[in-house]
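[1] Need coordinates for the below:
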Amino acid sequence: MVALGAEAGPTVVRDRALHREWRLVRDQEHPERPARLVEIPWSPAATDASPCRTAVPQPPAVRAGMRVTMIRKGAMAEIRLRGTALGTAHTGETVAVRAGLGHAVLRGVVRGPGLVELSGEKQP
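    Have a look, this model is predicted:
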């Protein structure tokens with residue numbers, strides 16, 4: 001939750017996870033009473049520079065040295081092999097993988113964590 005101070009006008013409390021927002025309200029007729037929170041409609045603030053707005057970089061789906069499953073889909077069959085990634089890549093990127101049998105180096109596209117779809121080309 002983020003509390004916006006006097007620089008943003010009246011005190012506003014924002015909960016980005018719940019997408020809810022409250023304003024701190026004091027009763028003008030009874031100033032001795034404590035202030036209370038009144039819910040207001042959620043409005044994403046374009047000028048709010050809180051740390052919650054910064055993008056968190058996604059970790060790679062495949063790291064060098066990681067054991068991966070390689071798949072190759074055909075019209076009538078699906079082949080699955082185990083291998084070791086030779087590079088680091090995010091989902092959608094190409095990575096080289098050393099196959100377990102024969103130590104052939106194959107290239108494929110990362111489809112998810114530890115999952116590489118083979119392109120069928122053998123590396124020299």
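
[2] Phi first, then psi, for Ile40.
    phi -120, psi 160 (degrees, to the nearest 10).

[3] can you check Asp27 too?
    phi -80, psi 120.

[4] right, and it touches Pro34 too?
    No. Assessed by Cβ atoms under 8 Å, Asp27 is found out of contact with Pro34, at 9.2 Å. (C-beta placed from N, C-alpha, C; glycine too.)

[5] These two: who's more crowded?
    Asp27 (11 against 6; other Cβ atoms under 10 Å).

[6] How about that one, nearest residue that isn't a chain neighbour?
    Nearest residue to Asp27, sequence neighbours excluded (Cβ to Cβ, 6 or more residues apart in numbering): Arg33, at 5.3 Å.

[7] so the spatially most distant residue from the centre of the chain is in which element?
    Going by Cα atoms, centre = their mean, the residue of the chain most distant from its centre is Glu29, 48.3 Å out. Counting by DSSP states H and E, no helix or strand carries Glu29.

[8] can you give me the strands in this protein?
    In the chain, the strands defined using DSSP state E lie at 2-4, 12-15, 20-25, 36-40, 67-73, 78-85, 94-99, 105-112, 115-122.

[9] Looking at those, which is nearest to Ala61?
    strand 105-112 (5.0 Å; Cβ to Cβ).

[10] Sheet-wise, list the partners of that closest one with their directions.
    strand 94-99 (antiparallel), strand 115-122 (antiparallel) (DSSP bridges).

[11] partners of the nearest residue to Trp22 once chain neighbours are set aside in the sheet?
    Using Cβ to Cβ, 6+ apart and skipping residues adjacent in sequence, the residue nearest Trp22 is Leu37, 4.0 Å away. Taking DSSP bridges as the rule, Leu37 bridges to Leu24.
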